[in-house]
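Novice: next comes the sequence, and after it the predicted model I'd like to discuss.
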Amino acid sequence: MDLKFFRRLNGWTGVAGSAALSLTLMGTTHAGLFGGNKDRVVSPEEASSNEAAAVQMMQRAKDAETSNPKKAIDWYDDVVDDYPRTKAAAESQYRLAQIHQLQGNAKKAFKQYQKLLQDYKDSDHFADALKQQYSIATYYMENLKPGFMGIGANIQPSELIEMFQQIKDSAPYGEYAPLCLYNVGVINAKRGSRDEAVEAFESVVIDFPNSKTAVDAQYQKIQLLKYEAGRSNDPSIQRELEETAMDFENQFANDERSDDIKAELGSLEDQRTEKNFDIARFYENKGKLQAASVYYREVLKFPGNAHYADAKARLDAIVAQDPSLAEGPRKEKPVAEAAPAPSFPTVDEAKFLGPPPPDLESDKPRMRTSPEDVRPIPAEEVPTASR
């Protein structure tokens, strides 16, 4: 026989306790007596009776909250288990979460709030449960203790990500949804999961384009890509950085950080023209005029850059030597001997008709000797999303 039932029965007095004991001894099951089977159809009379019994049990739990919180938790658990379809059960579920939260058991509280959100979507406490969950998750995020190889951590990043995802899933279009996605991006960025971080930031911009969080997400994506571009020779990262920065300018031109993004675009343009000019000079010195003309023309696509005048003069000199290059490079296969690959290509391979550009870097690779050289997170601390 259910020990929990006798524990509760021992606290009842009078007719209610005697009747319950009689029914139990007659063979009535625990779930059958208290309506714990959610699939069983109950009559209006039985539903009313269950609600009354649940309210009585819940009141006993409330009375015990101050003097004996553990006992109160047991009684609230009983209400939820035995009368799951009553209003008292929804209220008891909420009280369970609150007691755990007051006792400092944040993870338990989060799970109890989650049960409320899943099982009692029409609860008057639905909005507050979301708010409390977000508060718990952001607290862990702001006070994350990674420990040593995960040992001693107050919470694992994957667990924290799951918390934010659950909040977002409970109210996909609510006020916390974009904030949760943004924080998922921040956590992934901090733990070095670049692709997952970019995906989360992109989701904010795509799904919530008119929110303030979308602007922050696009900006943080730029900072993340900027950091990655500085550590990698992958041309796709460089192109993605430029495209993301231009998207920011197109969508959020009125943002206070717009001037910083414009400066970033200008810097990227300067880097590109500098690289193209150096590659062009390399090929010109090697006598590969066709390849040199390709890169000089790339420099001339951006009037006003530091090498514009020199590039124009050098291209004119090349055309004077080989007039056939006046209209652009000839369509012929690259020569067999290929110069070393550049740190990142600046001309679309489909359009480039000369040999591949060289690597102009002559210094040997520098050994990484400090933790700063291998940090997997952006150089700047990414702020946590806040309401």
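Specialist: Received, thanks.

Novice: you'd agree Thr138 is in a helix?
Specialist: Yes. Looking at Thr138 with DSSP: H, G, I helix; E, B strand; the rest coil, it is inside a helix.

Novice: give me the neighbour count for it.
Specialist: For Thr138, the neighbour count with other CB atoms under 10 Å is 21. (Glycine included, C-beta is placed from N, CA and C.)

Novice: that one and Ile73, how far apart?
Specialist: Thr138 sits 25 Å away from Ile73, taking CB to CB, to the nearest Å as the criterion.

Novice: so where is the stretch 51-200 of the chain shaky, pLDDT-wise?
Specialist: Low-confidence segments of the stretch 51-200 of the chain, defined by pLDDT under 70, are located at 146-153.

Novice: quick check: buried residues in the helix or strand hosting Tyr227?
Specialist: Using DSSP states H and E, Tyr227 falls within helix 212-231. By neighbour count on 16 or more other CB atoms under 10 Å, the buried set for helix 212-231 is 213-229.

Novice: swap in stretch 85-94?
Specialist: For stretch 85-94, the neighbour count (16+ other CB under 10 Å) marks 85-94 as buried.

Novice: how about residues contacting that stretch?
Specialist: 35, 38, 42, 47, 50-51, 54-55, 57-58, 61, 76-77, 79-80, 83, 112-113, 115-116, 119-120, 122-123, 125, 129 (CB atoms under 8 Å, 6 or more residues apart in numbering).

Novice: out of those residues, which are buried?
Specialist: Taking 16+ other CB under 10 Å as the criterion, what is buried in these is 35, 50-51, 54-55, 57-58, 61, 76-77, 79-80, 83, 112-113, 115-116, 120, 123, 125, 129.

Novice: buried residues, the helix or strand harbouring Ala245. List them.
Specialist: Per DSSP H and E, Ala245 falls inside helix 235-251. Under the neighbour-count criterion of 16+ other CB under 10 Å, helix 235-251 has 237-238, 240-242, 244-245, 248 buried.

Novice: ok, now stretch 128-139?
Specialist: Buried residues in stretch 128-139 (16+ other CB under 10 Å): 129-134, 136-138.

Novice: CA atoms only: put it into PDB for me.
Specialist: Coordinates of each C-alpha in stretch 128-139 appear next as PDB, following Å, rounded to 0.1, in the frame of the first residue of the first chain:
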ATOM      1  CA  ASP A 128       5.900  34.800 -14.000                       C
ATOM      2  CA  ALA A 129       7.200  31.300 -14.400                       C
ATOM      3  CA  LEU A 130       8.900  32.300 -17.600                       C
ATOM      4  CA  LYS A 131      10.300  35.400 -15.900                       C
ATOM      5  CA  GLN A 132      11.700  33.400 -13.000                       C
ATOM      6  CA  GLN A 133      13.300  30.800 -15.300                       C
ATOM      7  CA  TYR A 134      15.000  33.600 -17.300                       C
ATOM      8  CA  SER A 135      16.200  35.100 -14.100                       C
ATOM      9  CA  ILE A 136      17.700  31.800 -12.900                       C
ATOM     10  CA  ALA A 137      19.300  31.100 -16.300                       C
ATOM     11  CA  THR A 138      20.900  34.600 -16.600                       C
ATOM     12  CA  TYR A 139      22.200  34.300 -13.000                       C
END
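
Novice: so how far is that stretch from its chain's centroid?
Specialist: Here stretch 128-139 is found 16 Å from its chain centre; the criterion is CA atoms, centre = their mean, to the nearest Å.

Novice: again with stretch 278-297
Specialist: How far stretch 278-297 lies from its chain's middle: 44 Å, per CA atoms, centre = their mean.

Novice: now do the SS call for Ser123.
Specialist: At Ser123 the chain is in coil, as set by three-state DSSP.

Novice: now the buried residues of helix 235-251 in a markdown table, with distance to Tyr296 and pLDDT?
Specialist: Below are the buried residues of helix 235-251 laid out as a markdown table (distance: CB to CB, whole Å; pLDDT from 0 to 100):
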| residue | distance to Tyr296 | pLDDT |
| --- | --- | --- |
| Ile237 | 26 | 80 |
| Gln238 | 21 | 77 |
| Glu240 | 26 | 85 |
| Leu241 | 25 | 83 |
| Glu242 | 21 | 80 |
| Thr244 | 28 | 86 |
| Ala245 | 26 | 85 |
| Phe248 | 31 | 86 |
